[in-house]
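Novice: pasted the sequence and its predicted model underneath.
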Amino acid sequence: EEIDKMVVELGKQQKDEVGHRDWCVKELNENNRSTTEAYDVKDGLVAKIDDLEKTIDTLGKEINATTAAVAEMQEQMKRASENREGENADFQETVTDQRLTQMILQKAHDRMAQVYAMLQEEPKAGAPHIQT
């Protein structure tokens, strides 16, 4: 009778141990799956970080290149503005010279018109006149 109790008790303990072992195996498998998933997520994030770092590097280089291009364009615009100012000054000087030339030519024309008008006038009666 005592042995039967012990056999029953041992059977019960064996069931409990098998249940506990099954639970441990199940938990271990879940833990392994979770660990694998976490490593996959980590690897994905590391790859994303690397990609973003490359993107940051590329964009930084592009920003530097664009900044240099903008500075060069501003310098060219400044030079072009200075050139236009110089050309405008030359143009204004040319316009002034042409206006002065027109005034001089108009005065010369007016004076020549006076001289030739006197020569083309009909001689007045009684005035000495020699024809050749």
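Specialist: The structure has been received and is ready for your questions.
Novice: alpha carbons only for contacts and neighbour counts from here, please
Specialist: Noted.
Novice: buried ones in stretch 113-122?
Specialist: Of the residues in stretch 113-122, none count as buried by neighbour count, 16 or more other C-alpha atoms under 10 Å.
Novice: same thing with stretch 73-91?
Specialist: Per 16+ other C-alpha under 10 Å, stretch 73-91 contains no buried residues.
Novice: what score does Lys5 have for pLDDT?
Specialist: Per-residue pLDDT puts Lys5 at 87.
Novice: helix or strand for it, which one?
Specialist: Counting by DSSP states H and E, the element that carries Lys5 is helix 2-120.
Novice: what packs against that helix?
Specialist: Applying 3 or more C-alpha pairs under 8 Å, 6 or more residues apart in numbering; DSSP states H and E, we find helix 2-120 packed against no helix or strand.
Novice: give me the distance between that helix and the centre of its chain.
Specialist: 8 Å (C-alpha atoms, centre = their mean, to the nearest Å).
Novice: Thr35 and Leu28, how far apart?
Specialist: 10 Å (C-alpha to C-alpha, to the nearest Å).
Novice: meant to ask about Met103, not that
Specialist: 109 Å.
Novice: swap in Phe91?
Specialist: From Phe91 to Leu28 the distance is 91 Å (C-alpha to C-alpha).
Novice: same check, this time on Gly60
Specialist: For Gly60, the distance to Leu28 - C-alpha to C-alpha - is 47 Å.
Novice: what's the neighbour count on Arg33?
Specialist: 12 (other C-alpha atoms under 10 Å).
Novice: may I have stretch 75-94 exported as PDB, CA atoms only?
Specialist: Taking Å, rounded to 0.1, in the frame of the first residue of the first chain, the C-alpha atoms of stretch 75-94 are listed here in PDB:
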ATOM      1  CA  GLU A  75      30.000  87.000 -57.600                       C
ATOM      2  CA  GLN A  76      29.100  86.700 -61.300                       C
ATOM      3  CA  MET A  77      26.000  88.900 -60.700                       C
ATOM      4  CA  LYS A  78      28.100  91.400 -58.900                       C
ATOM      5  CA  ARG A  79      30.600  91.500 -61.800                       C
ATOM      6  CA  ALA A  80      27.800  91.700 -64.300                       C
ATOM      7  CA  SER A  81      26.300  94.600 -62.400                       C
ATOM      8  CA  GLU A  82      29.600  96.400 -62.300                       C
ATOM      9  CA  ASN A  83      30.000  95.700 -66.100                       C
ATOM     10  CA  ARG A  84      26.500  97.100 -66.700                       C
ATOM     11  CA  GLU A  85      27.300 100.200 -64.600                       C
ATOM     12  CA  GLY A  86      30.500 100.800 -66.600                       C
ATOM     13  CA  GLU A  87      28.700 100.200 -69.900                       C
ATOM     14  CA  ASN A  88      25.900 102.500 -68.900                       C
ATOM     15  CA  ALA A  89      28.400 105.200 -67.900                       C
ATOM     16  CA  ASP A  90      30.000 104.700 -71.400                       C
ATOM     17  CA  PHE A  91      26.600 104.900 -73.000                       C
ATOM     18  CA  GLN A  92      25.600 108.100 -71.100                       C
ATOM     19  CA  GLU A  93      28.900 109.600 -72.100                       C
ATOM     20  CA  THR A  94      28.300 108.700 -75.800                       C
END
